[in-house]
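Engineer: Predicted structure and sequence below. I'll ask about it afterward.
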2 protein chains.
Amino acid sequence: MTTIYDVATAAGVSRQTVSNVLNSPEVVRPATRERVLAVINQLGYRPHASARRLRTRTSSTLAIRIAPSGDGISGSILDTLLHSVTVHARTRGLRVLLFSAADPYDEIEQFQDLLAGSDVDAFIITGTTHEDPRLEWLLGRHVPFVSFGRPWGLPAEESQAISWVDVDGYSGIREATRSLLSSGHHEIGFLGWPSPSGTGDERRRGWRDTMTEEAGWTRADVTTLQRATTEGISGAKEAAIGLQQAHPGLDAIVCASDTLALGAILADIDVPVIGFDSTPVSVSLGFPSVAQPIDEVAHAIIEIIVRLVERGDDDPLPPEEFRQRLLLPHLIQHGQAPS
Amino acid sequence: MTTIYDVATAAGVSRQTVSNVLNSPEVVRPATRERVLAVINQLGYRPHASARRLRTRTSSTLAIRIAPSGDGISGSILDTLLHSVTVHARTRGLRVLLFSAADPYDEIEQFQDLLAGSDVDAFIITGTTHEDPRLEWLLGRHVPFVSFGRPWGLPAEESQAISWVDVDGYSGIREATRSLLSSGHHEIGFLGWPSPSGTGDERRRGWRDTMTEEAGWTRADVTTLQRATTEGISGAKEAAIGLQQAHPGLDAIVCASDTLALGAILADIDVPVIGFDSTPVSVSLGFPSVAQPIDEVAHAIIEIIVRLVERGDDDPLPPEEFRQRLLLPHLIQHGQAPS
DNA sequence: AGGCGGAATTTGAACGATCAAATTCCGTTG
DNA sequence: CAACGGAATTTGATCGTTCAAATTCCGCCT
């Protein structure tokens, strides 16, 4: 193994100069820099990351929790995010460490371990809930983190302190509903999750507002055009059938997820169905779905993390517009007709 | 931040004793051990992982490459593996680092970086190909690694040196075919990938041998009962239609993947279809599929890695049966009927 | 030619842990 | 009661890097 000393000796400079070539090239005279770089290449020197971390107390690594196991149909959004995050992280010289945790408290336990060893500079958290203990813990210690998903239902003051990236489900469902309207449909139902659910309620509003503002329905009328059911195929199937029985004129359904959409499709009521998340199921069966721009999400997350990490410990937080990003999803018409 | 010195001072012992309490408890007198542990808890001391790594040159971390982006329908096997690996890794005190690479050479580049910094002790590699440059590189440097998937087509001698965990596709397809036979089907077709393909050919043989050994077909007859097509729905659909036209008596189809199976189902030829991998698509559509025991795979991988890492640098390799595991997949009858 | 001052480079110290060797402790034994 | 010896504990050195301070270099001005 070659160390910084070997390089220094071979290049006829001191170890610190080698260090500077790598970390602050601008302070080294160009001629020297070239010479050192040549030696570095020739010897194949790579800095010892742990030694650097010990000294600098930073790791250039971010951590993200991975849920115990893929739950099946839709769970893959987070997996997709993981891919994109890893790729974008690399372009900024960051690494991604995975960890698993049984529950939020266990997760906090892991935060501690990872931070204590200078293993990790920042976290990406997902699935924040009301009164999430993780938020308080992280904020209290000034640990840089970004949430994928807005932290719903927090007092404005606290929510301001949190960095997040999210996808505007409201707009996504509006776009889906609008596309159905413009292709001549009118009596469009909605299949969603039971309230309260930050994400779910927002998607429902997207549909409701489009129906009332752009299709001439009244608030009262649209209430019977929607059903709520927990994520799952059989429940969705029943709900879709129920919807059609109540509204024989029903001519399309917008859903809060691909799972619900699949249920609606399997109900065989023969109207167009639009899902959410553009999961493998919608891709392969070919029904339209609102796709989250996961790659953009990853990009935004990484940019924010870089900003947060670079910030000195008592510099002020960057302004909100740099730390909170709401991205637009887009309706995708998958090639094939439903079977 | 509390260090080992703080603990030592507070407990009235030397730093080394504290270190021993954590790393070799058996050499510390029980009374002392208790006292030190109490202080550790009280102060919330956590060892600084980077300092330890610098000294010991090990990281308790393994790395796995994550492919650039989820390709859609089937890719999720590796994601599932990632989940399981992370969980099992934790039980053995290991961490999981992700990295991305554009191609095998780029991947080797990353191996170097990660090893140079004592960031990583071992790798999990996937998708090994004939003449894989990674194998040579890793073997040449005695870097511990485990391959998910047998390295196909290597000279026996070299192949012996490699540790791997794989799933016996041959048996899986045999089980699938046999189950169709036992439910009264006889003219069972096979949809697979073009040869040569280690995995694909193996699965095809599973079907062929079952047909000839257990269903009374001749080698010659079965050749027309199978079609090969690249992974994709439309190709599979055509192939399935072609199969039925050639064999009007066709009464079931076994496929090398869920994607192919979905194609066959969408061909509407109304015979039972069995897929492979039990992906979300087969789960949600409810067609049977051969499921890889991914959790067992992850467990086996971690056990092997632990063995390899613990091994001194010139200890002999553990015997093959500890380093090469072929696991059995199982046919899963998903609840629901195809739409 | 001597002195000045900023740029470039080098030197000393430290980050927190573990290894290896040295020392202390303490119960046994002659 | 002193010497012995194994167990328990402490001390000195080191892993590879970067920070901060000290030193050297070198062109330029008077």
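Structural biologist: Noted; the coordinates are in hand. Numbers count the residues shown, from 1 in each chain, chains lettered A, B, ... in the order given.

Engineer: do stretch A:104-117 and chain B meet at all?
Structural biologist: Yes. Residues of stretch A:104-117 contacting chain B under CB under 8 Å from any CB of the partner chain: A:112, A:113, A:116, A:117. Quick note: C-beta positions are derived from backbone N, CA and C, even for glycine.

Engineer: who's in contact with the second one?
Structural biologist: Contacts of residue A:113 were listed using CB atoms under 8 Å, 6 or more residues apart in numbering or on different chains, and they are A:119, B:46.

Engineer: and the helix or strand encompassing it, what's its mean pLDDT?
Structural biologist: With secondary structure defined by DSSP states H and E, residue A:113 is part of helix A:104-116. Regarding helix A:104-116, the rounded mean pLDDT is 91.

Engineer: is it up against DNA strand C anywhere?
Structural biologist: No. Helix A:104-116 stays out of contact with DNA strand C when judged by CB under 7 Å from any atom of the strand, the minimum separation being 7.7 Å.

Engineer: Okay, buried residues for that helix please.
Structural biologist: If you call a residue buried by 16 or more other CB atoms under 10 Å in any protein chain shown, then helix A:104-116 has these buried ones: A:104, A:107, A:110, A:111, A:114, A:115, A:116.

Engineer: was I right about the first one contacting residue A:133?
Structural biologist: Yes. In this structure residue A:104 lies within contact range of residue A:133 using CB atoms under 8 Å: 5.2 Å.

Engineer: just curious, which of the buried residues of helix A:104-116 is nearest to DNA strand C?
Structural biologist: residue A:116 (7.7 Å; CB to the nearest atom of the strand).

Engineer: quick one, what contacts the closest one?
Structural biologist: Taking CB under 8 Å, 6+ apart as the criterion, residue A:116 is in contact with B:1, B:46, B:47, B:48, B:49.

Engineer: so the second one sits in a helix?
Structural biologist: No. According to DSSP: H, G, I helix; E, B strand; the rest coil, the state of residue B:46 is coil, so it is not within a helix.

Engineer: Excluding sequence neighbours, find me the nearest residue to it.
Structural biologist: Among residues not flanking residue B:46 along the chain, residue A:116 sits closest, at 3.3 Å (CB to CB, 6 or more residues apart in numbering or on different chains).

Engineer: Same question for the last one.
Structural biologist: In this structure, residue B:49 finds its nearest non-sequential neighbour in residue A:117, 2.6 Å apart by CB to CB, 6+ apart.

Engineer: wait, that neighbour sits on residue B:59?
Structural biologist: No. Applying CB under 8 Å, one finds residue A:117 not in contact with residue B:59, separated by 10.3 Å.

Engineer: Who has more neighbours out of the two?
Structural biologist: The residue with more neighbours, out of residue A:117 and residue B:59, is residue B:59; 26 against 21, by other CB atoms under 10 Å in any protein chain shown.

Engineer: what bridges to the closest residue to residue A:126 other than its chain neighbours?
Structural biologist: Leaving aside its chain neighbours, residue A:126 sits nearest to residue A:148 (4.7 Å; criterion: CB to CB, 6+ apart). Taking DSSP bridges as the rule, residue A:148 bridges to residue A:126, residue A:165.

Engineer: hang on, isn't residue A:148 packed against residue A:199?
Structural biologist: No. Using CB under 8 Å as the test, residue A:148 is too far from residue A:199 to be in contact (11.6 Å).

Engineer: if I pick whichever residue of the stretch 151-300 of chain A sits closest to DNA strand D, what's in contact with it?
Structural biologist: Closest approach between the stretch 151-300 of chain A and DNA strand D, counting by CB to the nearest atom of the strand: residue A:163, at 24.7 Å. With contact taken as CB under 8 Å, 6+ apart, residue A:163 is in contact with A:145, A:146, A:147, A:304, A:308, A:323, A:324.

Engineer: Which of these fall in strands?
Structural biologist: A:145, A:146, A:147, A:324 (DSSP state E).

Engineer: Now the phi/psi pair for residue A:103, please.
Structural biologist: For residue A:103, the backbone dihedrals (degrees, to the nearest 10) come out as phi -160, psi 180.

Engineer: Could you tell me how many residues sit around it?
Structural biologist: Applying other CB under 10 Å, I find that residue A:103 has 9 neighbouring residues.

Engineer: got it, and residue A:35?
Structural biologist: By other CB under 10 Å, the residues close to residue A:35 number 18.

Engineer: got a pLDDT number for the nearest residue to it once chain neighbours are set aside?
Structural biologist: Leaving aside its sequence neighbours, residue A:35 sits nearest to residue A:11 (CB to CB, 6+ apart; 5.5 Å). Looking at residue A:11, its pLDDT is 95.

Engineer: Likewise for residue A:336?
Structural biologist: Confidence score, pLDDT, at residue A:336: 54.

Engineer: correct me, but residue A:170 touches residue A:205?
Structural biologist: Yes. Contact criterion CB under 8 Å: residue A:170 and residue A:205 qualify, at 5.9 Å.

Engineer: more neighbours, these two?
Structural biologist: Neighbour comparison, residue A:170 and residue A:205: the larger count goes to residue A:170, with 20 against 15 (by other CB under 10 Å).

Engineer: Show me what secondary structure element comes after the helix or strand encompassing that one.
Structural biologist: Using DSSP H and E, residue A:170 maps to helix A:169-182. On the C-terminal side of helix A:169-182, the closest following helix or strand by DSSP H and E is strand A:188-192.

Engineer: List the buried residues in the helix or strand that that following strand is followed by.
Structural biologist: Once strand A:188-192 ends, the next helix or strand along the chain (criterion: DSSP H and E) is helix A:198-214. Residues of helix A:198-214 classed as buried by neighbour count (16+ other CB under 10 Å): A:198-204, A:206-211.

Engineer: Out of these, which is nearest to residue B:153?
Structural biologist: residue A:199 (48.1 Å; CB to CB).

Engineer: so who does that closest one touch?
Structural biologist: A:149, A:152, A:169, A:193, A:256.

Engineer: Stretch A:54-61 vs DNA strand D: in contact?
Structural biologist: Yes. Applying CB under 7 Å from any atom of the strand, one finds stretch A:54-61 in contact with DNA strand D at A:54, A:55, A:56.

Engineer: wait, isn't the first one in contact with residue B:52?
Structural biologist: No. Under the contact definition of CB under 8 Å, residue A:54 does not touch residue B:52, with a separation of 9.3 Å.

Engineer: Good, wrapping up.
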